[in-house]
Each structure stands twice: as structure tokens, then as C-alpha cells.
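Enquirer: Here is the input, now give the coordinates:
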Amino acid sequence: MGRIAEALRRAQHERAQRLGGSSALPVESSSRPEKSEALIADVPAMAGATDELSAIFRPPPPPLPFTVNAVPIEGTGVGREVLAFHEPTSAIAEKYRSVRTRLLTANPGGSARVLAVTSTLPREGKTVTVANLGFSLAELRHLRVAMVDLDLRRAGLTALLHARELPGICEVLRGEKRLAEVCVPVVRENLFFVPAGDPQKESPSDLLAGDRVAQVFKEIRERFHYTLADTPPINAFADIGLIGPLCHSVLIVVRMNQTPEPLLRRSVKMLQANQLPITGCVLAGCSDEAAYYGDNQDYYVAEG
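Expert: Numbering: from 1, shown residues only. The predicted structure is shown next:
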């Protein structure tokens with residue numbers, strides 16, 4: 001946590017110096033989520049790593065056969081905030097590829113990974129991060145990638161992909177549907193989406209604590225190489241405490257000049273108290289042109 005906070009403070013201080021002001025910066029008037037991406041912490045880097053994965057990694061193990069019948073989500077159904085799809089040559093899309101590379105170099109054996117993506121507060125960019133990172137991973141055609149909307153109250157990822165009318169993970173957790181019945185292909189043949197579905201009268205906490213959750217996550221690990229789960233904010237709901245133990249690690253999204261540092265510290269302590277490993281931190285809304293690397297290159301800060 002100390003390195004995350006130090007990176008945020010250093011980035012703010014250096015930006016303030018360039019602008020000729022104090023290090024206490026106001027919140028930027030624009031916090032558009034598509035201005036996302038900038039920092040990933042605590043993910044080990046591999047020297048000289050590139051996206052030519054065949055030269056670096058062993059081929060990932062093939063997942064179990066998987067047949068879905070849902071009508072695919074076409075490009076017109078993908079929100080404009082997903083720049084990794086709509087503007088794949090943009091600087092922002094390239095930043096997501098850099099985060100993708102850091103995640104892949106941390107897993108050179110190619111074993112299945114389920115990442116819970118969360119934030120301290122709402123509207124910090126976690127949903128847009130899930131979508132952009134999902135599309136970035138799916139650019140590597142040998143990977144089968146899934147995005148799962150587990151923010152069952154807001155269902156922001158479901159809205160972003162215009163899938164509110166579709167059944168989803170809620171129906172699977174109630175035993176009404178199988179996972180294959182709610183998986184929706186998204187544009188590419190190796191990218192899938194599981195909508196939130198309809199919780200009906202059940203509370204999300206009850207659904208996530210049900211008997212079927214462990215089996216559903218086991219099947220997810222068997223079916224996909226990488227799964228990104230969009231989860232509720234840590235300081236708003238306790239769901240991450242139920243979801244996190246079923247995932248390999250947690251990725252925190254922090255919005256520059258907006259996320260209060262005391263709340264961020266409290267969020268990290270809560271994850272640590274629940275023994276949930278934190279794979280890193282993505283800093284969203286950072287417009288600095290300069291980059292700062294920690295002493296061990298634990299932090300990557302870039303224009304966003």
C-alpha cells in the first residue's frame with residue numbers, strides 16, 4: 001500500500017511543480033472514464049517483454065470445449081468508452097496493452113487467471129477498465145477471455161455492452177441457467193461476456209454467498225484463460241469479501257485527484273485483512289506526460 005500511495009503522491013507533486021502550483025491539486029473538472037489508464041503496481045515486469053508472446057511464453061493449456069448459442073454482441077453494441085475496440089491505434093488503447101503485458105509477464109506459464117477488478121468508490125473507472133482490458137487481452141487470439149459483471153446492483157458493464165435484457169450470472173447462481181447459456185460472444189470469437197442478469201428479490205450478497213458460487217467459478221477457470229470480474233466498490237459494499245477468495249487476485253482502479261488517499265489505504269487494509277492478494281493498481285484519469293518508476297519499477301505511470 002505504501003508504494004501505491006507514494007506513487008500517487010509523487011505523480012501529483014511532479015505535476016504540480018510543472019504547473020507552478022502547490023502539490024495539493026484540485027479534482028479535475030473532467031473525469032470521463034474513457035480517460036482511463038495509467039498506473040499498474042506490484043505486477044512483476046519482465047525485462048524486454050513484448051507482445052510477441054510466442055517468444056516468451058509456453059502456449060497456454062487449452063480450456064475445456066465450450067459451445068454457446070447466444071446471439072453475439074456486435075460492434076454497435078459496445079460503448080464508445082471502450083477505446084481498445086473503437087480506437088485500437090489510440091494512445092489510450094496502447095496503455096491498456098501495456099497493462100495487459102504486465103499481467104501476462106506475471107503469468108508466463110499461461111495458467112488460468114481470474115482477476116477481480118474493483119475500486120474504492122463508484123465512478124472511478126473500474127467498469128471501463130474491465131472492458132478495455134478484456135478487448136486488449138482478446139487481441140491475442142490464442143487466449144479465451146471472459147468478462148463477468150458481478151456488480152449486481154449497478155450492472156455497469158452490462159449497460160456498457162447493452163445487455164440489460166439478457167440473463168446472466170444471477171440466473172446461473174440461482175441454478176436457472178448453465179454458464180454456457182448466458183455467455184455471450186462479444187465481437188471476437190475468443191471474447192465472451194456474462195451479464196449481471198436479474199437478481200429479482202434476492203440480495204446480491206445472498207447470491208454471492210450461495211451454494212453454487214464455488215462451482216461456477218471452478219467452471220469459469222476451466223473454460224477461460226483470463227477472466228475479468230467487475231465487482232462493486234470496496235467502500236460501498238462488502239461483496240469483494242465474497243468474490244475475492246474465488247479469484248486469483250484483485251486489481252484496484254484509482255482515479256487521479258479524486259480517490260481520497262485515506263479511503264484507498266482503508267480499502268487496501270481491508271483486502272489484506274481478508275488475505276486477498278493485490279496484483280496491482282491502475283491509475284485512471286492521469287494526464288501527466290512524464291512517467292515515474294519506483295525504485296524497483298513497481299509503478300508505471302503514463303499519459304491517460
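Enquirer: Could you measure from Phe116 over to Ile240?
Expert: Not Phe; residue 116 is Ala. 6 Å (Cβ to Cβ, to the nearest Å). Backbone N, C-alpha and C define where each C-beta goes, glycine included.
Enquirer: Touching both of those two, which residues are there?
Expert: Taking Cβ atoms under 8 Å, 6 or more residues apart in numbering as the criterion, Ala116 and Ile240 both touch Thr231, Val250, Leu276.
Enquirer: In PyMOL, select just the buried ones from these.
Expert: Only the buried entries of the shared contacts of Ala116 and Ile240 go into this PyMOL selection, using 16 or more other Cβ atoms under 10 Å:
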select buried, resi 231+250+276
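Enquirer: Narrow the shared contacts of Ala116 and Ile240 to those in helices?
Expert: In helices, judged by DSSP state H, none of the shared contacts of Ala116 and Ile240 are found.
Enquirer: The closest residue to Asn274 other than its chain neighbours - how many residues pack around it?
Expert: Distances taken as Cβ to Cβ, 6 or more residues apart in numbering place Gly241 nearest to Asn274, at 5.4 Å, with adjacent residues excluded. Burial of Gly241 is recorded as 17 neighbouring residues (other Cβ atoms under 10 Å).
Enquirer: so which strand or helix has Gly241?
Expert: Gly241 is part of helix 240-243, with elements assigned from DSSP states H and E.
Enquirer: Quick check: which helices or strands does that helix pack against?
Expert: strand 113-119, helix 204-208 (3 or more Cβ pairs under 8 Å, 6 or more residues apart in numbering; DSSP states H and E).
Enquirer: now, of these, which is deepest in the fold?
Expert: Comparing the helices and strands packed on helix 240-243 by mean neighbour count (mean count of other Cβ atoms under 10 Å), strand 113-119 comes out on top with a mean of 25.
Enquirer: Which parts of the stretch 51-200 of the chain are strands?
Expert: 113-119, 145-149, 184-186, 188-194 (DSSP state E, counting those that start in this stretch).
Enquirer: distance of the residue lying closest to Val184 once chain neighbours are set aside from Gly241?
Expert: Of all residues not flanking Val184 in the chain, Ala70 sits nearest, at 4.5 Å (Cβ to Cβ, 6+ apart). According to Cβ to Cβ, Ala70 stands 31 Å off from Gly241.
Enquirer: Pro65 now?
Expert: Distance, Pro65 to Gly241, using Cβ to Cβ: 33 Å.
Enquirer: As CSV, the strands of the stretch 51-200 of the chain with mean pLDDT and distance to Val213 would be great.
Expert: CSV is the format used below for the strands of the stretch 51-200 of the chain (pLDDT from 0 to 100; distance: least, Cβ to Cβ, whole Å):
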stretch, mean pLDDT, distance to Val213
strand 113-119, 96, 12
strand 145-149, 97, 12
strand 184-186, 96, 21
strand 188-194, 94, 13
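Enquirer: Tabulate those (TSV), appending distance to Lys126.
Expert: Below are the strands of the stretch 51-200 of the chain laid out as TSV (distance: least, Cβ to Cβ, whole Å):
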stretch	distance to Lys126
strand 113-119	4
strand 145-149	11
strand 184-186	18
strand 188-194	16
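Enquirer: Compare those strands and give me the one nearest Val282.
Expert: strand 113-119 (8.3 Å; Cβ to Cβ).
Enquirer: Run the angle between the closest one and strand 145-149 for me.
Expert: 40 degrees (axes from the mean of the first three to the mean of the last three Cα atoms, to 10 degrees).
Enquirer: which other residues reach strand 113-119?
Expert: Residues contacting strand 113-119 (Cβ under 8 Å, 6+ apart): 103, 107, 125-126, 129-130, 133, 150, 217, 220-221, 225-234, 240, 243-244, 246-255, 259, 276, 279.
Enquirer: Quickly run through the sheet partners of it, with directions.
Expert: When pairing is defined by DSSP bridges, strand 113-119 lines up against strand 226-230 (parallel), strand 249-255 (parallel).
Enquirer: Tell me which helix or strand comes right after the longest one.
Expert: It refers to strand 249-255. Using DSSP H and E, the helix or strand that follows strand 249-255 in sequence is helix 261-273.
Enquirer: Name the residues of that following helix that come out as buried.
Expert: Residues of helix 261-273 classed as buried: Leu264, Ser267, Val268, Met270, Leu271 (neighbour count, 16+ other Cβ under 10 Å).
Enquirer: looking at it, Val187 is touching Glu74, isn't it?
Expert: Yes. Here Val187 reaches Glu74: they are 6.8 Å apart, a contact under Cβ atoms under 8 Å.
Enquirer: Once you drop chain neighbours, what's closest to Ser267?
Expert: In space, Ser267 is closest to Ile234, 4.2 Å off (Cβ to Cβ, 6+ apart).
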